[in-house]
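Participant: 3D model of this:
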Amino acid sequence: MVKSLYPRILYLSGILLLSSACASVGGQPAPFAVIPAAPVPDIVTPPPAPSAPAPAQVAQSAGRSLGGRADVREFIREMAARHGFDPAQLQALFNRAQAQPSIIAAMNRPAEAKPWHEYRTIFINARRIQGGVEFWRTHAATLARAEQVYGVPPEIVVAIIGVETQYGGNMGRHRVLEALATLAFDYPRRADFFRKELEAYLLLTRAEGIDPLALRGSYAGAMGWGQFMPTSYLNYAVDFDGDGRRDLWQNPRDAIGSVANYFRQHGWRPGEAVVVPARIGDPAAAGLITRRLTTPPTDSIASWRARGVAPLAPVGDRQAALLLDLAGRAGPEHWLALHNFYVITRYNRSQLYAMAVYQLSQEIRERHARS
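Facilitator: Residues are numbered from 1 along each chain as shown. Modelled structure (predicted):
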């Protein structure tokens, strides 16, 4: 849930969607000078509303200009009143954009709906592990400096970029404007979230002097190597190589620094473990399993031991943890998720996502050490 750089003129062509938050981009933007932007508050995912868009309602939007819709025109008026946008220019922009029903369909069948043993194979495989080793070798100095500055180990940064875009190979095929607008106006369950992201996107493209229709990203509107949402770009993207730009499309150095900064700003604790396997000795403890990671862990490992939950790897008794239950191929897997696991879920709220990032990071680290 992460949570960017803007060229004067960007020309992006599509590739193929490859991850839960990423699609694919062929051509990539030229670098541009960044005008510092005021921080935008981090957006917390709102609770889902009970209704989803009706298929007929979404289908009616296909192939039609967004500019002809009353809700879009109201949004244009709000942007003009709140931020001084020229209504005529925004109207012309939305007249050139169309809602994309395929984006709603993608949102309704996320990879996170799969059981853990199926989800795991999407991201933890020989291709992604070897790609991570090669990415680490290529950018070893930058990853080492990111760890020194932000305290986030290289394998975690590499795994995030690997899960999100296969190391920059698949950054998105959807127009970001159309993706965000489709979800803002045709996806009631999270419309408020995506309206705020659309607002932030228009602000940042105006500040950087780019055509909002030029940028491509995921079906959720995420952008660049690390698939940052517009608000995350404004809040956490950094110019890590000091060239005066925050380039998350063409510059892996900025992407590495930005991902590491995101983790530090969300409370990553250097040197601490992420998650440990566990065994439940008391069936009553199963009632304490966490289904949604909405708050950091507070119960100590010692207290879990007292409840009959035994960690199967060394971990300090004072560390706080949450009890997780994942659907493994051979049956339930139980884990004690520590504070840093919770931090990974700030990038994407899914437990499966966080576990995939962690396990991929360990595979990459081991292969990198051997090679």
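Participant: mean pLDDT per helix and strand in this protein: which one sits at the bottom?
Facilitator: The helix or strand of the chain with the lowest confidence, counting by mean pLDDT, DSSP states H and E, is helix 55-61 at a mean of 49.
Participant: quick one, what contacts the closest residue to L326 other than its chain neighbours?
Facilitator: Distance criterion Cβ to Cβ, 6 or more residues apart in numbering; nearest residue to L326, sequence neighbours excluded, is W116 at 4.0 Å. In short, each C-beta sits where N, CA and C put it, glycine included. Taking Cβ atoms under 8 Å, 6 or more residues apart in numbering, we find W116 in contact with L326, A327, G328, E333, L352, M355.
Participant: okay if I get the residues you listed as TSV plus secondary structure and neighbour count?
Facilitator: TSV is the format used below for the contacts of W116 (DSSP: H, G, I helix; E, B strand; the rest coil; neighbours: other Cβ atoms under 10 Å):
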residue	secondary structure	neighbour count
L326	strand	16
A327	strand	14
G328	strand	13
E333	strand	16
L352	helix	23
M355	helix	25
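Participant: of the residues you listed, closest to M107?
Facilitator: Lowest distance from M107 to the contacts of W116 (Cβ to Cβ) belongs to L352, with 16.4 Å.
Participant: the closest one contacts L326, correct?
Facilitator: Yes - in this structure, L352 is within contact of L326 by Cβ atoms under 8 Å, at 7.3 Å.
Participant: could you check the pLDDT of A302?
Facilitator: Note for A302: predicted pLDDT of 98.
Participant: what's the helix or strand for it?
Facilitator: helix 301-306 (DSSP states H and E).
Participant: if we look at stretch 278-287, which residues are touching it?
Facilitator: The contact list for stretch 278-287 (Cβ under 8 Å, 6+ apart) reads W304, R307, G308, V309, A310, P311, L312, L323, D325, H334, W335, L336.
Participant: counting neighbours, what do you get for the fourth one?
Facilitator: Think V309. Close neighbours of V309, defined as other Cβ atoms under 10 Å, add up to 23.
Participant: could you measure from it over to T298?
Facilitator: 15 Å (Cβ to Cβ, to the nearest Å).
Participant: all strands of the protein, in order?
Facilitator: Along the chain, counting by DSSP state E, strands occupy 174-175, 216-217, 275-280, 299-300, 309-311, 320-328, 331-338.
Participant: single out the most deeply packed of the ones you listed.
Facilitator: Comparing these by mean neighbour count (mean count of other Cβ atoms under 10 Å), strand 216-217 ranks first with a mean of 30.
Participant: what is that strand packed up against?
Facilitator: strand 174-175, helix 176-186 (3 or more Cβ pairs under 8 Å, 6 or more residues apart in numbering; DSSP states H and E).
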